[in-house]
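Peer 1: Take a look and give me a structure for this.
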Amino acid sequence: MYYHFDSKDALIGAAMDHQADLSLAAIQTWSNPEAKTPEAFLDGMLAGAMAWSATPDWTGSGFTRLSLELADLAGHPARVAARAHKDAIQKWIAQELATRGSPSPQTATEAFCILLEGALVLTLISGDTRFMEQAREAASQLSRRLSECDRTL
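Peer 2: Below is the predicted model:
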């Protein structure tokens, strides 16, 4: 193993890099390709996250769990991989929102990801999927407010 990797930390980082592609592909299946509006797209994303978090053996995002475990090691290869993975998800969501006419895709993406990550972590900690339902409602309200703000500008 050490012929290919400098350390076990480097091995973990490489495994996380590989998993990132698989995870992004899975997350992309949550979206509804028929969703014409940013609101419908985000609602579909949260519906997918809700279904994922309701599976019997769900343990949350491995990227988030590992980042929390390594919170005091900012440069750890696994944390670097997790950050790159989360950035890739945000970039993809922003692109999807832009193609659906979101006037503020980056702002909407950042707010949506805060809701999604918060709901996933709270669901993991509590075992209660109501946090996912509340995030879905909050995302709907957020989308309406962003649309209203953009119309008044």
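Peer 1: these two touch, right, S143 and A35?
Peer 2: No. S143 lies out of contact with A35 (C-beta atoms under 8 Å); the separation is 11.7 Å. (Each C-beta comes from the backbone N, C-alpha and C, glycine too.)
Peer 1: Between those two, tell me which one has more neighbours.
Peer 2: Between S143 and A35, S143 has the larger neighbour count (other C-beta atoms under 10 Å), namely 22 against 16.
Peer 1: Helix or strand: which one has the more buried one?
Peer 2: Take DSSP states H and E as the rule and S143 turns out to sit in helix 130-152.
Peer 1: same question, A78
Peer 2: Taking DSSP H and E as the definition, A78 sits inside helix 77-99.
Peer 1: Quick check: buried residues in that helix?
Peer 2: 77-79, 81-82, 85-86, 89, 93-94, 96-98 (16 or more other C-beta atoms under 10 Å).
Peer 1: Quick one: residues in contact with the helix holding S143.
Peer 2: Contact partners of helix 130-152, identified using C-beta atoms under 8 Å, 6 or more residues apart in numbering, comprise 38-39, 42-43, 46-47, 49-50, 53-54, 102-104, 107-108, 111-112, 115-116, 118-120, 122-123.
Peer 1: what does stretch 99-110 give?
Peer 2: Stretch 99-110 is contacted from outside by 35-38, 40-42, 90, 93-95, 97-98, 142-143, 146-147, 149-150, using C-beta under 8 Å, 6+ apart.
Peer 1: measure it end to end?
Peer 2: One end of stretch 99-110 to the other measures 17 Å (C-alpha to C-alpha, to the nearest Å).
Peer 1: pLDDT on that stretch, on average?
Peer 2: Averaged across stretch 99-110, the pLDDT comes to 91.
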